[in-house]
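**Q** quick check, what structure comes out for this input:
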Amino acid sequence: MKTALVFPPVCDPTMPYISLPVLASVLRREGFEVQLIDANVEGLEFVLARDSLSDLAGKVRSRLRKLERKAHLSHPEQLAWLALREAEPLAHDVPRVGDALGVFRDRSGKLFYDPKAYGSAADTVDAAFQLLSAAYAPLRMDLRSYRTPFSFLSADEIAHDAGREHDPFNRYFEEELAPRLALAGVGLIGVSMAFPGQLQPAWSMAFALKRHCPDAVLVAGGPALTQRMAGLPAEALDELLSPFDVAVLGEGEKAIVSLARSVRAGERPSGILVGDVADPASLPAPDFDGMPLGRYWSCEPVLPYDASRGCYWGRCAFCHYGPVAHGTAQFRERGLERIIDDLASFRTRGARIAYLSHDTLSPSLGARIARGMRDSGSGLRWASDIRPEAVLTAKGCEELASGGALAFSLGIESGSSRLLELMGKGTTPGVVSGVLRNLASAGMAAEAMLFTDFPTESRDEALDTVAFLERHWEEVALFVCGTFGLTRGSAVYRDSGAYGVAETWHVAGDRFLSGVFWREVRESKSAADRDAVDAALARVSRKWRLRQYPWAGSLSTAHTLLWYDRFGPGVFRSRGPAAPAEPAFRRPSRSRHDYGAISRAAPRREADIWHTLTHVERRVTRRDWRKASL
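**A** Okay, the predicted model is just below:
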């Protein structure tokens, strides 16, 4: 019995994700024939091909002409017109994505490490996504997300967004992927969803697979699926599960083997399975056979590895991470000897750098890995996420660096001592400062992850975070600063009153609880306060050469690690290679509509409409939005 494991669009195409090679290893150990398909890489190549983009350019010009003929535009038409108008230059000068991918895949590294060539390639791909999104507006798609205004609100909206006129991947699913699996005669198809942006494309893909492979058992799994489905009412689960036969919540290695055995025995399993917690020490090494290592968008392979699972700390109030219903998964490690052997084997795959894909790496395990890697003499360099703890002394960081450690992303979160205590971080700004200095002094890249707007955060506390970042410019290689988002699996949601939250709610019409809204007991920042924080953050950001994910200049990505390895941890500070100018595309043509007025008014009105729907009326459907848009 043949099994196919599929990783759906849309996410980082620069390196493989860990789920498929791990699942493949356990299935192959049990004697199953496994086909691995990275539909993210394949699907992106399909929709960004020159012919596809040319077709999209025609679609953009056609839609724009229809709107230009109208004397007046309704609010929905204004939103569409803005997207189309801004993409019009790209419709005339279609981005040459093939050339850009040639830069990323340049095995010599000459183009990949040239700031001008690399920057132009990244800008070209970003422009292609702008063109694609405009052609399918109101879709917003890039390598971080895939979203429409009504994404995943109901089964009807999921089916709507999967239609050919709304989904840029529809033709790839219907004409390439599903017929290929039908021809191969697979009996079990596992779809692993790691990130929220993969959910809608995975369901769209499942509709095509069901049509072309009706006899195959279709299984959904992965962290993004578990977090979305955990806690839903039974009838909502049944509604959401279609068109899949089975959903696996939690870790899937034992479950996928059990399902494969059932299908091989002639059974047709269905329903929801809760996966058993796996002992990583009992799992074989990730098996990359069949992964398209030559097709990833990188000049050389950077491979992922799971030396541990779960979070040894597990107390952060905001966190919901991994394939668990709430909080973080139980912490478990692979044996050190296995870890070192597995990582050393990456060199046979042509990899010089590994990314340890963890919830967080414990400093103790990191130190043992470093000693083991140094003793093995493999020369492999590695990176991971790590908690900024006092145990990361100057001597400890030197040992990490001597064992091949290249970079660490640190969950710093805030520069406020009060907020760190409220979050349950178990650290202080002083401790974090010491860790940043120690990592930088040892020659490793220290990446800072922060966010603002945790409940009760004041303007001054948010500015403390910005000031902390600015003080550590010489130690911080890169940073990202987002805004707090409440998730159903976090402690803040489960015990909201303890964190200054007056109430939380879901809106009517959100069948699958895709959005969580909240209100503070006392509003902690005014609109002017938020503007001041944004301005301060924008000013400080200019001290680094930041790029959006997953390009070099964003955190924890293959390209960034490769640039650290080539140029050193300070490459993205303002003294590093200059960022190129944006590509010179043709200017938009003249229009009968006032771009300035519409670009100012339409987004403001849209924000007001959604605030009214989500916070006042607390009901969101397509009909509600249309009514509010009149």
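
**Q** need the per-residue pLDDT for residue 330.
**A** pLDDT, residue 330: 86.

**Q** neighbours of residue 234, how many?
**A** Applying other Cβ atoms under 10 Å, we find 8 residues neighbouring residue 234. Heads up, the C-betas are built off the backbone N, CA and C, glycines and all.

**Q** which SS state does residue 152 fall under?
**A** Following DSSP: H, G, I helix; E, B strand; the rest coil, residue 152 is assigned to coil.

**Q** give me the spatial nearest neighbour of the residue lying farthest from the centre of the chain, chain neighbours excluded.
**A** Relative to the centre of the chain, the most outlying C-alpha is that of residue 71, 40.9 Å out, by Cα atoms, centre = their mean. Distances taken as Cβ to Cβ, 6 or more residues apart in numbering place residue 592 nearest to residue 71, at 7.7 Å, with adjacent residues excluded.

**Q** any stretches of the stretch 101-250 of the chain with poor pLDDT?
**A** The stretch 101-250 of the chain contains no residues with pLDDT under 70.

**Q** mind listing the helices for it?
**A** 115-135, 155-161, 170-171, 178-184, 199-212, 223-229, 234-241 (DSSP state H, counting those that start in this stretch).

**Q** and the gap between residue 421 and residue 493?
**A** To residue 493, residue 421 is 19 Å away according to Cβ to Cβ, to the nearest Å.

**Q** so if I had to pick from the two, which one is more boxed in?
**A** Taking neighbours as other Cβ under 10 Å, residue 421 and residue 493 compare with residue 493 leading, 19 against 12.

**Q** backbone phi and psi for that one, please?
**A** Main-chain dihedrals, residue 493, degrees, to the nearest 10: phi -70, psi -40.

**Q** ok, it - contacts?
**A** Each residue near residue 493 by Cβ atoms under 8 Å, 6 or more residues apart in numbering is listed here: 486, 487, 504, 516.

**Q** any idea how far it lies from residue 323?
**A** The spacing between residue 493 and residue 323, counted by Cβ to Cβ, is 18 Å.

**Q** what about residue 28, neighbour count?
**A** Number of residues near residue 28 (other Cβ under 10 Å) recorded here: 16.

**Q** just the element for it, please.
**A** Using DSSP states H and E, residue 28 falls within helix 19-29.

**Q** in the protein, what spans have low per-residue confidence?
**A** 575-587.

**Q** one more pass at 80, please.
**A** Applying pLDDT under 80 to the chain flags the ranges 321-327, 574-589.

**Q** domain map for it?
**A** The chain breaks down by automatic domain parsing into domains covering 2-40+169-280, 300-567, 596-630.

**Q** could I get those domains as a markdown table with distance to residue 148?
**A** Formatted as a markdown table, those follow (distance: least, Cβ to Cβ, whole Å):
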| stretch | distance to residue 148 |
| --- | --- |
| domain 2-40+169-280 | 8 |
| domain 300-567 | 12 |
| domain 596-630 | 10 |
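
**Q** and those domains: which comes nearest residue 62?
**A** domain 2-40+169-280 (17.9 Å; Cβ to Cβ).

**Q** the strands in the stretch 351-500 of the chain, which residues?
**A** Using DSSP state E, counting those that start in this stretch, the strands of the stretch 351-500 of the chain run over 353-356, 381-386, 405-413, 445-452, 476-483.

**Q** flag every buried residue along the shortest one.
**A** Okay, so that is strand 353-356. 353, 354, 355, 356 (16 or more other Cβ atoms under 10 Å).

**Q** ok, of those residues, which one's closest to residue 316?
**A** residue 356 (19.4 Å).

**Q** quick check: that closest one touching residue 305?
**A** Yes - at 5.6 Å, residue 356 counts as touching residue 305 under the criterion of Cβ atoms under 8 Å.

**Q** list the contacts for the spatially closest residue to residue 415 that is not a sequence neighbour?
**A** Distances taken as Cβ to Cβ, 6+ apart place residue 468 nearest to residue 415, at 3.1 Å, with adjacent residues excluded. For residue 468, the contacting residues are 412, 415, 429, 432, 433, by Cβ under 8 Å, 6+ apart.

**Q** can you count the residues close to the nearest residue to the fourth one once chain neighbours are set aside?
**A** Across the structure, with Cβ to Cβ, 6+ apart as the measure, the residue nearest residue 432 apart from its sequence neighbours is residue 388 (4.5 Å). Neighbour count for residue 388, taken as other Cβ under 10 Å: 26.

**Q** surely residue 388 touches residue 413?
**A** No - with contact defined as Cβ under 8 Å, residue 388 does not count as touching residue 413 (9.7 Å).

**Q** could you turn the buried ones of the contacts of residue 493 into a PyMOL selection?
**A** Those of the contacts of residue 493 that count as buried under 16+ other Cβ under 10 Å are selected in PyMOL with:
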select buried, resi 486+516
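
**Q** hmm, which two among the contacts of residue 493 are most spread apart?
**A** Across the contacts of residue 493, the longest distance by Cβ to Cβ is 10.6 Å; it joins 487 and 504.

**Q** ok, residue 263 touching residue 215?
**A** No - here residue 263 does not reach residue 215: they are 10.0 Å apart, not a contact under Cβ under 8 Å.

**Q** more neighbours, those two?
**A** In this view residue 263 and residue 215 are compared by other Cβ under 10 Å, and residue 263 has more residues nearby, 22 against 9.

**Q** how much space separates residue 164 from residue 175?
**A** 11 Å.

**Q** now swap in residue 222 and tell me
**A** Counting by Cβ to Cβ, the gap from residue 222 to residue 175 is 25 Å.

**Q** how about the helices in the stretch 351-500 of the chain?
**A** 363-376, 394-402, 417-423, 429-441, 459-471, 491-494.

**Q** who touches the fourth one?
**A** The list of residues contacting helix 429-441 from outside it, by Cβ under 8 Å, 6+ apart, reads 388-390, 392-394, 396-397, 408, 410, 412, 415-417, 420, 445-446, 448, 468, 471-472, 474-477, 569.

**Q** which among these end up buried?
**A** 388-389, 392, 396-397, 408, 410, 412, 415-416, 420, 445-446, 448, 468, 472, 475-477, 569.

**Q** got the phi and psi for residue 520?
**A** Backbone torsions for residue 520, taken as degrees, to the nearest 10, come to phi -70, psi 150.

**Q** need the contact list for residue 563.
**A** Listed by Cβ under 8 Å, 6+ apart, the contact partners of residue 563 are 113, 552, 553, 571, 572.

**Q** got a list of what the last one touches?
**A** Residues near residue 572 by Cβ under 8 Å, 6+ apart: 477, 478, 544, 545, 546, 552, 553, 560, 563.

**Q** for the fifth one, which non-adjacent residue is closest in space?
**A** Nearest non-adjacent residue to residue 546, counting by Cβ to Cβ, 6+ apart: residue 553, 5.3 Å away.

**Q** residues in contact with the one you found?
**A** Counting by Cβ under 8 Å, 6+ apart, residue 553 touches 478, 544, 545, 546, 547, 560, 563, 572, 579.

**Q** please apply the same query to residue 208.
**A** Residues near residue 208 by Cβ under 8 Å, 6+ apart: 170, 173, 174, 177, 178.

**Q** many thanks, have a good one.
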